[in-house]
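1. Model the structure of this input:
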Amino acid sequence: MSYYNEKNNYSAQKPRFNPIIVIALISALLGGVMAVALVPSIYGNKQTVPSNRVVLNAGPTTPTIKTDGTTNFPVVQIAKVTGPAVVGIANFQSQGSLFGGGGDAEVDSGSGFIIDAQHGYIITNNHVVAGAEKIVVSLADGRNINAKLVGTDSRTDLAVVQIADTKNLTATQLGDSSKLQVGDPVVAIGNPGGEEFARSVTTGVISATNRILDIQGEASFNLIQTDAAINPGNSGGPLVNYQGKVIGINSAKYQETGFEGMGFAIPISDALPTIKQLIEKGYASHPGLNVQIDSRYTPEYASQQGWPDGAYVSKVMPGGPADRAGILAGDVLTKINGNAVNSFLDLTHELFKYKPRDKVTITIFRNNKTMDVSVPLVEIKSQ
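-> Predicted coordinates for the structure are as follows:
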């Protein structure tokens, strides 16, 4: 199996769909050892808290598409009213030169959509803007505007950027992804391949819900699966229902010879708490254990050792909640509150169901025995 997202397609420098299921992304982001619950010192630099409070759908918004029985296929209307709220996002980074003066070059691109027209807030994926030294937003009316990064969170693959020129902006309407049903019709809008194919519209249905992918960021959510075409450049763009409301953020696709029509989106209702934090505070808070997890502990390795699947603890932060609970380096974490943890990404997925300061029961494997310990979760801040 392989998943593809824009950050990992280095040949095209576009979205996050890697032909290798997990390894490329993990190696790029983690380098072999990943702090899932992560050390507080990593997040010691607290960002300035913006004074603005998030007001989603502020300013002009796209009207809701209504079906009255005579309009059975409102994709034309959706494209007309939602398309202007979809933007292109270009990630520029300085390119050094042997002779100096390399200048900025576009190294990645994707999509986004306006959620607050009054303040110019735009949602996209973290992997679209990761490492950007300059971000340029392309609007439907032809304007190209420099944007500032408001906040980004690699653990959820979410980011918010903002443009100062808010003249004639239109915001999307946000829907409720918790009410989705398999078979619901949807529309994906984005910039596959960049500005040349800006605001391309593809249609499909909800193929499944509650999908889990072994990709850092996307592993934090139960994803929406759709057969609407999701291509490089679509990352960060909206997945819209037939009422014209955004119900997902297009983020990844399944890429394997012989497979078609397997795209994945982050449910908007699950993403909103993180988005609001990024706008209001400039960072996102997540629950953590203050341990480091070795990503090299795979099911294959566990089987060779005769050990269970799980998350292998390589280091425990002294004085942290895991340390106080008696968790040791070398332990394998196999369950959280009775839910199986089969890998380090599973650990992230399970932890994200809770909030900082929640108390959870961790099942650990040590010396061929299992035991349960109670651990209060700490707050981990995104960079």
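
2. Quick check: bridge partners of Gly288?
-> Using DSSP bridges, the beta-bridge partners of Gly288 come out as Val378.

3. Does Leu347 lie in a helix or a strand, and which?
-> For Leu347, the host element (DSSP states H and E) is helix 344-351.

4. Now do that helix: which elements does it pack against?
-> strand 285-288, strand 291-294, strand 311-316, strand 332-336 (3 or more Cβ pairs under 8 Å, 6 or more residues apart in numbering; DSSP states H and E). All C-beta atoms are positioned from the backbone trio N, CA, C, and that covers glycine.

5. With mean neighbour count as extra columns, can I get those strands in JSON lines?
-> Converted to JSON lines, those look like this (neighbours: other Cβ atoms under 10 Å):
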{"stretch": "strand 285-288", "mean neighbour count": "22"}
{"stretch": "strand 291-294", "mean neighbour count": "23"}
{"stretch": "strand 311-316", "mean neighbour count": "23"}
{"stretch": "strand 332-336", "mean neighbour count": "23"}
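
6. Of these, which is nearest Gly175?
-> Gly175 lies closest, by Cβ to Cβ, to one member of these: strand 285-288, at 24.6 Å.

7. got the contact list for the closest residue to Leu377 other than its chain neighbours?
-> Leaving aside its sequence neighbours, Leu377 sits nearest to Pro287 (Cβ to Cβ, 6 or more residues apart in numbering; 3.7 Å). Counting by Cβ atoms under 8 Å, 6 or more residues apart in numbering, Pro287 touches 351-352, 354-356, 358, 377-380.

8. Write the PyMOL selection for whichever of those are buried.
-> The PyMOL selection below is limited to those of the contacts of Pro287 classed as buried (16 or more other Cβ atoms under 10 Å):
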select buried, resi 351+352+377+378+380
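
9. which SS class is Ala159?
-> At Ala159, secondary structure determined by DSSP: H, G, I helix; E, B strand; the rest coil is strand.

10. Show me what it is bridged to.
-> Beta-bridge partners, per DSSP bridges, of Ala159: Thr124, Thr152.

11. ok so Leu272 is a helix residue?
-> Yes: the assignment for Leu272 is a helix, going by three-state DSSP.

12. circling back: can you name the two of the contacts of Pro287 that are farthest apart?
-> Among these, Phe352 and Val378 lie farthest apart (Cβ to Cβ), at 13.9 Å.

13. Each with direction, which strands does whichever helix or strand comes after the helix holding Leu347 pair with?
-> Using DSSP H and E, the helix or strand that directly follows helix 344-351 along the chain is strand 359-366. Paired with strand 359-366 in the same sheet, following DSSP bridges, are strand 332-336 (antiparallel), strand 369-376 (antiparallel).

14. per-residue pLDDT, the residue most central in space within the chain?
-> What sits nearest the mean C-alpha location of the chain, by Cα atoms, centre = their mean, is Asp157, with 2.5 Å. Per-residue confidence (pLDDT) for Asp157: 92.

15. distance of it from Ala284?
-> Between Asp157 and Ala284 the computed distance is 11 Å (Cβ to Cβ, to the nearest Å).

16. now Asn368
-> In terms of Cβ to Cβ, Asn368 sits 39 Å off from Ala284.

17. Sketch out the helices for the stretch 151-300 of the chain, chain order is fine.
-> Counting by DSSP state H, counting those that start in this stretch, one finds helices in the stretch 151-300 of the chain at the ranges 268-281, 299-305.

18. Show me the one of these that comes nearest Ile163.
-> Using Cβ to Cβ, the nearest of the helices of the stretch 151-300 of the chain to Ile163 is helix 268-281, at 13.7 Å.

19. pLDDT (mean, whole number) over that closest one?
-> On average, helix 268-281 scores 93.

20. how far is it from where the chain is centred?
-> Relative to the centre of its chain, helix 268-281 is centred 11 Å away, using Cα atoms, centre = their mean, to the nearest Å.

21. For that helix, name the packing helices and strands.
-> strand 121-125, strand 144-153, strand 158-162, strand 245-254.

22. quick one: buried residues of it?
-> Residues 268-272, 274-275, 277-281 are the ones in helix 268-281 that count as buried (16+ other Cβ under 10 Å).

23. Could you figure out how far it is turned away from strand 121-125?
-> 120 degrees (axes from the mean of the first three to the mean of the last three Cα atoms, to 10 degrees).

24. For helix 268-281, list the C-alpha coordinates in PDB.
-> Only the C-alpha atoms of helix 268-281 are listed here, as PDB (Å, rounded to 0.1, in the frame of the first residue of the first chain):
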ATOM      1  CA  ILE A 268     -14.100  19.700   9.200                       C
ATOM      2  CA  SER A 269     -15.900  19.200  12.500                       C
ATOM      3  CA  ASP A 270     -12.900  17.400  13.900                       C
ATOM      4  CA  ALA A 271     -10.500  20.000  12.500                       C
ATOM      5  CA  LEU A 272     -12.300  23.100  13.900                       C
ATOM      6  CA  PRO A 273     -11.000  22.900  17.500                       C
ATOM      7  CA  THR A 274      -7.400  23.000  16.200                       C
ATOM      8  CA  ILE A 275      -8.100  25.700  13.600                       C
ATOM      9  CA  LYS A 276      -9.700  27.900  16.300                       C
ATOM     10  CA  GLN A 277      -6.600  27.400  18.500                       C
ATOM     11  CA  LEU A 278      -4.300  28.300  15.700                       C
ATOM     12  CA  ILE A 279      -6.200  31.500  15.000                       C
ATOM     13  CA  GLU A 280      -6.700  32.600  18.600                       C
ATOM     14  CA  LYS A 281      -3.400  31.600  20.100                       C
END
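
25. thinking again about what came up before, format the helices of the stretch 151-300 of the chain as TSV; extra columns: distance to Gly88.
-> Output for the helices of the stretch 151-300 of the chain, formatted as TSV (distance: least, Cβ to Cβ, whole Å):
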stretch	distance to Gly88
helix 268-281	20
helix 299-305	40
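
26. That concludes my questions; thank you for your assistance.
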